[in-house]
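Enquirer: using only what follows, build the 3D model:
(chains A and B)
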Amino acid sequence: MPIALEEIASQLAAPGKGLLASDESTGTIGKRLEKAGFENSEETRRSYRELFYTAPIGDAGISGAILFKETLRQSAGDGTPFTQCLLRQGVLPGIKVDEGLVPLEGRPGETSTRGLEGLEAACRQYAADGARFAKWRAALKVGAGRPSERAIELNAQQLAEYAAVCQACGMVPIVEPELLIDGDHDTAAFAHASARAISRCGVVLEATLLKPQMILPGRLRAIHPAMHALAGADYSGPRPSPDDVAHETLRVMRRCVPPALPGIMFLSGGQTEEEATVNLNRINQLAQQQGRAPWALSFSFGRSLQASVLKLWSEDPSGNRQRCRDMAAALAQANSQAVLGRFEGPHPSVTSQQGSLRESFRGWRTDV
Amino acid sequence: MASVALAGTTLVAKAGVARQGRRRSSVNVNAAAYNGAYAEELVATANKIATPGKGILAMDESNATCGKRLESIGLENTVESRQAYRELLVTTPGLGEYISGAILFEETLFQDTRKGTSMVDELNKNGILPGIKVDKGLHPLANSNGESWCAGLDGLDQRCADYYKQGARFAKWRSVVSIPAGPTAIAVRDCAYGLARYAAIAQNAGLVPIVEPEILLDGEHDIDRTLEVAEMTWAETFKYLADNNVLFEGILLKPSMVTPGAEHKKRSTPDEVASYTLKMLRRRVPPAVPGIMFLSGGQSELESTLNLNAMNQSPNPWHVSFSYARALQNSVLKTWKGEEGNVQIAQEALLKRAKANSQAQLGKYDPAGESSEAAKGMFEKGYTY
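Expert: Just a heads-up that it's a prediction; the model follows:
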């Protein structure tokens, strides 16, 4: 195991640093662009991503950016490959390598993840193209009788195999276990099943990163896509306080994550840009206070680093490009401060007042 | 709030209707970790034991094993001699400064000292929590490679309840894994699973379970092989602990340190042992677990202390301490020799070892002034507890 991989993992999870998750599949980013009034074309997607990679996000605290495979081979308007735009400002390119969720045979409502077949060849190519880390998303539903033993074992095994292949190809694996849960037992059951699978597959924990959700206690969460429609776009109810989020999140992380793992990079999910930052900030402050939190507590945000940028862009696609880049950097900076527990505000977001960034086309659908 | 709750009910009801008529296959029951009547007390007890500068005195030798100790200093193995010896240990003045818990054998938990006070009361007076060995020993594991499994789950819930009533506040269960034998997958699985079931039962009876899968020192294997087996054993153990809804904040671990096998040609330095052991712990033990209390397993008193000290040179996300039997008692026995007149100096010997390990827990141990007796290894090939 080359020490270099452990160093990359530490670099990604360095103090005050976090990740830009810009690896939305064509379908997902397309729906967002269309909602903002844009066409879902390859050029629009390229032009949109360019806003971020040519912004000074490296200085603003971004250590790595996760890309979709289409984006890995795209370039800025001046011909500079995106990987170069990132690397020259100290941002490591990463790549989403899973191919989405598939329904689990005989287990309605449960899923496994596609992408192991041909993964090794794909990873070797991505590494040659400049990717230094990868990401894989597994999903488990919690509800009456779920997750099943089968779902836990299969998803754990898949992400362990993915992580092993990734490391063998010279990339740091990020593991994203998405769980919609109200309690934390099932987190522990899946976490330790994964830990065992990972151990059996010879994955080096010191060169692995985790991308879980923050735990938002008391929030009503849908457990089936149909419920999104029934409940309406924003069914979140009363929002938990940052203190509650911090306490619950740390409690669950302490139960599930061994110290050897260098960084926990939280996803933002449907939180507003401001919520995600404030919650991350409180998590870090509480961790500093309480101790016994030996991993970096950082971010790998998608919507929470992009929503305001997209909004500004939609208001004046040609004229606002510089404002968009400034916003990208400002959002990154706010979250970088949050990792240090030093975020004070005001938050640069121009979308938080509009409420949750929850989307009905994300989550459990297997065709996104 | 009411409208949200109502919406929730409606949604759940609709989902339920959709699921009617489908055969339910084997599933995980969605239960959270133990949160019953003893939850808070378990966490408090575990944290009390895992106090900086303190560790556990393991004095839970079975009658047969205790007999071996007594016979080694020329004493007969009787109830009275076991009583006299254990009384010497629990009444050591000031022991509570370095010892936060003492593991007892069943006989001792229900025993009085010769002056009529109970062993339990003497420990509590000394500020030491009484613990109790609850397993029923090792038996040959069928169809394995000469390996063992640990018995004791039958009636464990009742035993634990009785022990709690008698004053015990934590429990211990020791299972073993043998590297020369493989170990085989069935041996590792049974070790891990038995520990998980015991832990769940103990917590429900108010006893903090010490989880002890001892990887035996016997063997010619190198330290890398020990690391491999230790990682696998703990991965298996934590998976079953999680499955059994054990409350991690209310358990303690009792691992063996990661060292080469006793018959391996190359010895390891304390720094090497510390580095390998910490690597294993960091990979396998979530920070929710408050304390890791190492067993000594045949190492000399000096080695056990030096290794523990090396592990505490920088902050750890859990309390890293000791739960020593032979490594705390060897000098005591040799000093006492069964004579009433030697009780005080024997108790001083115990305090000396307890203090040394307390210093090691704080990372401040200084080996200057240790006797040659302390450096004597205590490894016995094929040792049975």
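Enquirer: make it CA atoms for all contacts and neighbour counts henceforth
Expert: Fine.
Enquirer: any idea how far the closest residue to A:Asn284 other than its chain neighbours lies from chain B?
Expert: Leaving out its chain neighbours, the residue that sits closest to A:Asn284 by CA to CA, 6 or more residues apart in numbering or on different chains is A:Gly341, at 5.0 Å. If you measure A:Gly341 against chain B using CA to the nearest CA, to the nearest Å, the figure is 20 Å.
Enquirer: was I right to think A:Gly341 contacts A:Val278?
Expert: No - taking contacts as CA atoms under 8 Å, A:Gly341 lies outside contact range of A:Val278: 9.3 Å.
Enquirer: about what we covered before: phi, psi for the residue nearest to A:Asn284 please.
Expert: Dihedral pair for A:Gly341: phi 70, psi 20, per degrees, to the nearest 10.
Enquirer: any idea of the pLDDT on it?
Expert: Turning to A:Gly341, the model gives it a pLDDT of 98.
Enquirer: likewise A:Arg254?
Expert: pLDDT, the model's per-residue confidence, is 95 for A:Arg254.
Enquirer: can you tell me the helix or strand for it?
Expert: Under the criterion DSSP states H and E, the helix or strand holding A:Arg254 is helix A:242-256.
Enquirer: kindly export that helix (C-alpha atoms) in CSV.
Expert: Presented in CSV, the C-alpha positions along helix A:242-256 are these (Å, rounded to 0.1, in the frame of the first residue of the first chain):
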residue,chain,number,x,y,z
PRO,A,242,-27.6,23.1,15.3
ASP,A,243,-26.9,21.8,18.9
ASP,A,244,-29.2,18.8,18.4
VAL,A,245,-27.6,18.1,15.0
ALA,A,246,-24.1,18.3,16.5
HIS,A,247,-24.9,16.1,19.5
GLU,A,248,-26.7,13.4,17.5
THR,A,249,-24.2,13.4,14.6
LEU,A,250,-21.2,13.1,16.9
ARG,A,251,-22.9,10.4,18.9
VAL,A,252,-23.5,8.3,15.8
MET,A,253,-20.1,8.9,14.3
ARG,A,254,-18.4,7.9,17.6
ARG,A,255,-20.4,4.6,17.5
CYS,A,256,-19.7,3.8,13.9
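Enquirer: buried set for stretch A:323-334?
Expert: A:323-334 (16 or more other CA atoms under 10 Å in any protein chain shown).
Enquirer: tell me the mean pLDDT over that stretch?
Expert: Per-residue pLDDT values across stretch A:323-334 average out to 98.
Enquirer: so in chain A, where's the weakest helix or strand by average pLDDT?
Expert: Lowest by mean pLDDT, DSSP states H and E among the helices and strands of chain A is helix A:225-231, with a mean of 32.
Enquirer: which stretches of chain B form strands?
Expert: Counting by DSSP state E, chain B has these strands, from start to end: B:55-59, B:99-104, B:129-133, B:138-140, B:148-150, B:170-177, B:208-215, B:252-253, B:291-294, B:319-324.
Enquirer: partner strands of the fifth one, with direction?
Expert: Under the criterion DSSP bridges, strand B:148-150 sits next to strand B:138-140 (antiparallel) in its sheet.
Enquirer: tell me the contacts of A:Leu87?
Expert: In this structure, A:Leu87 makes contact with A:Pro93, judged by CA atoms under 8 Å, 6 or more residues apart in numbering or on different chains.
Enquirer: A:Ala36 contacts A:Leu312, correct?
Expert: No - using CA under 8 Å as the test, A:Ala36 is too far from A:Leu312 to be in contact (9.9 Å).
Enquirer: run through the bridge partners of residue 112.
Expert: All of this is about chain A. Each beta-bridge partner of A:Ser112 is listed here: A:Val102, as defined by DSSP bridges.
Enquirer: I was thinking of chain B, sorry if that wasn't clear
Expert: What pairs with B:Asp112, by the bridge criterion (DSSP bridges), is B:Ser118.
Enquirer: pLDDT score for it?
Expert: Looking at B:Asp112 specifically, the model assigns a pLDDT of 98.
Enquirer: which pLDDT value goes with A:Gln354?
Expert: 66.
Enquirer: mind checking which of A:Ala36 and A:Leu312 has more residues around it?
Expert: A:Leu312 (20 against 15; other CA atoms under 10 Å in any protein chain shown).
Enquirer: pull the contacting residues for that one.
Expert: With CA under 8 Å, 6+ apart as the criterion, the residues that contact A:Leu312 are A:320, A:323-324.
Enquirer: which residues in the stretch 251-385 of chain B form helices?
Expert: Taking DSSP state H, counting those that start in this stretch as the test, the helices found in the stretch 251-385 of chain B are B:270-284, B:301-311, B:326-336, B:343-361.
Enquirer: who touches stretch A:314-321?
Expert: Applying CA under 8 Å, 6+ apart, the set of residues contacting stretch A:314-321 from outside is A:36-38, A:51, A:312-313.
Enquirer: so which residues on the stretch 101-250 of chain B come close to chain A?
Expert: The stretch 101-250 of chain B comes close to chain A at residues B:231-232, B:235-236, B:238-239, B:242-243, B:245, B:248, as judged by CA under 8 Å from any CA of the partner chain.
Enquirer: which one of those sits in the busiest neighbourhood?
Expert: Most neighbours among those, by other CA under 10 Å: B:Phe238, with 28 neighbours.
Enquirer: pLDDT below threshold where in the chain?
Expert: Looking at chain A here, since you left the chain open. Counting by pLDDT under 70, chain A contains low-confidence residues at A:1-3, A:143-144, A:180-186, A:218-238, A:353-356, A:358-368.
Enquirer: hmm, no, I was thinking of chain B.
Expert: B:1-31, B:382-385.
Enquirer: okay, now the domains of it?
Expert: As assigned by automatic domain parsing, chain B contains the domains B:1-32, B:33-375.
Enquirer: and these, which is most packed in?
Expert: Looking across the domains of chain B with neighbours counted as mean count of other CA atoms under 10 Å in any protein chain shown, the highest average goes to domain B:33-375: a mean of 21.
Enquirer: that one: end-to-end distance?
Expert: Using CA to CA, to the nearest Å, the end-to-end distance of domain B:33-375 comes out at 43 Å.
Enquirer: what does stretch B:164-172 give?
Expert: Criterion CA to CA; first-to-last residue distance in stretch B:164-172 is 13 Å.
Enquirer: re earlier: quick one: which of the contacts of A:Leu312 sit in helices?
Expert: Applying DSSP state H to the contacts of A:Leu312, the entries found in helices are A:323-324.
Enquirer: out of the contacts of A:Leu312, who's nearest A:Ile29?
Expert: The closest of those to A:Ile29 turns out to be A:Cys324 (CA to CA; 17.0 Å).
Enquirer: skipping its backbone neighbours, what lies nearest that closest one in space?
Expert: A:Val309 (5.1 Å).
Enquirer: measure the one you found to A:Ser41 for me?
Expert: Between A:Val309 and A:Ser41 the distance is 18 Å, computed by CA to CA.
Enquirer: give me the more crowded residue out of these two.
Expert: When A:Val309 and A:Ser41 are compared on other CA under 10 Å, the one with more neighbours turns out to be A:Val309, at 27 against 13.
Enquirer: these two touch, right, A:Gln306 and A:Ala330?
Expert: No - under the contact definition of CA under 8 Å, A:Gln306 does not touch A:Ala330, with a separation of 10.8 Å.
Enquirer: follow-up on the earlier one: of the helices of the stretch 251-385 of chain B, which is nearest B:Gly74?
Expert: With respect to B:Gly74, and counting by CA to CA, the nearest of the helices of the stretch 251-385 of chain B is helix B:326-336 at 10.4 Å.
Enquirer: rewinding a little: touching chain B at all, the helix holding A:Arg254?
Expert: Yes - when contact is scored as CA under 8 Å from any CA, part of helix A:242-256 falls within range of chain B: A:251, A:254-256.
Enquirer: sorry, back to before: pretty sure the residue nearest to A:Cys324 sits in a strand.
Expert: No - if the criterion is DSSP: H, G, I helix; E, B strand; the rest coil, then A:Val309 is helix and not within a strand.
Enquirer: no further queries at this time; thank you.
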